[in-house]
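>>> Have a look at this prediction, sequence included:
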Amino acid sequence: MISIINKHCITAFLLICTLALHSQSIDGAWETVLPNDEGAETQYVTIISDGYVSEAFFEKESGKFMGTWGGSYEAKDGNFSYTYEFATFDSALVGTSQSAEYQFIDGKMHMEDKVWTRIDGGSPGKLQGAWLISGRMR
C-alpha cells in the first residue's frame, strides 16, 4: 500500500516538474548583447509584463542611449505578436504590428537572431505598476 502511494507521489511530482519546465512564462525582464554595424556591443533590455512589452537599447561600453520601443503583445504557441505604441528610432512603426517565433532552450529565450537571458522573473515586487505614472490609462 505504501509503495503504491509512493509511486503515485513520485509520478505526480515528475508530472508537475515536466509541466513547469514546458510552460515557462515569457513575462519578466530579459537582456541580450549583440554587435552593431560598427562592431561595438549593443545591450538590449526588454521588460514583458501584463500584455505590454518595452525594450531599450544602448551602447554597452559607453551607456549611450540608442533607442526604445514598446507596445502591446500576445504570446501564444511560440509566436510573439506585438503592436508598436511608441518607437524613438522610427515613428512610422507606431500602430504597425509584427511577430516573431520564440522558444526556450536551457533557460534562455531564443527569438529571431537574439538569445535572451532572464534578469528578472516578472513576479510582483515593490515597484510593480510604477510604470503606470507614465500616463498609460486602461
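Sure thing, it's come through. Residues are numbered from 1 along each chain as shown.

>>> for this structure, what's the longest strand?
For the chain, the longest strand by residue count, based on DSSP state E, is strand 65-76.

>>> Show me what the helix or strand following that one is packed up against.
Proceeding N to C from strand 65-76, the next assigned helix or strand is strand 79-87, under DSSP states H and E. If contacts are counted by 3 or more C-beta pairs under 8 Å, 6 or more residues apart in numbering; DSSP states H and E, strand 79-87 sits against strand 65-76, strand 97-105. All C-beta atoms are positioned from the backbone trio N, CA, C, and that covers glycine.

>>> for this structure, what spans make up the strands?
Under DSSP E, the chain gives strands at 28-35, 41-49, 52-59, 65-76, 79-87, 97-105, 108-111, 114-120.

>>> want to try TSV for the ones you listed, with mean pLDDT and mean neighbour count as columns?
Below are those laid out as TSV (pLDDT from 0 to 100; neighbours: other C-beta atoms under 10 Å):
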stretch	mean pLDDT	mean neighbour count
strand 28-35	95	16
strand 41-49	95	18
strand 52-59	96	17
strand 65-76	96	15
strand 79-87	97	16
strand 97-105	97	12
strand 108-111	96	16
strand 114-120	94	15
